[in-house]
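J.: sequence and computational prediction follow.
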Amino acid sequence: MDILGATLRVCVDDLETAVPFYERLAGGPALRFERGGVQVAAVGCFLLMSGPEAELEILRKVAATIAVKDVDEAHRVLTELGAHIVAGPVGTPVGRNLIAMHPDGMVYEYVDKRG
């Protein structure tokens, strides 16, 4: 499985206040989108999320987002290594993802950019 990088997930109270800080920190503009009532801004290696507390409570359980070349391959490798696939693979606005719980209890999102 090819891991291409990782994104740190940050829940913030006010996205409009947080984005300028992270844009300056990362040296580039935020890519913004909305998913399931949560406003999201991707800035460099940070994924800022703001929205209803009930949604953020769920999102906080995922430690990081890991970019992979192929989510199907990640699914196969994770399953072989004893991870529990919590959700997916499913399509997203920019590719596909799955949520996996590793044998140590840590939960990660795996994403690819395939259609």
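T.: Structure's in. What do you need?
J.: strands of the chain, residue ranges please.
T.: 3-11, 31-35, 38-43, 46-50, 64-68, 84-92, 95-101, 107-112 (DSSP state E).
J.: distance to Pro20 for those - can I get that in CSV?
T.: To be clear about C-beta, it is placed using only N, CA and C from the backbone, and glycine gets the same treatment. As requested, those are arranged in CSV below (distance: least, C-beta to C-beta, whole Å):
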stretch, distance to Pro20
strand 3-11, 14
strand 31-35, 13
strand 38-43, 10
strand 46-50, 11
strand 64-68, 22
strand 84-92, 26
strand 95-101, 27
strand 107-112, 25
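J.: so which of the ones you listed is nearest Ala18?
T.: Nearest to Ala18, of all those, is strand 46-50, at 5.5 Å by C-beta to C-beta.
J.: run the chain-centre distance for that closest one.
T.: Mean-position distance between strand 46-50 and its chain equals 9 Å (C-alpha atoms, centre = their mean, to the nearest Å).
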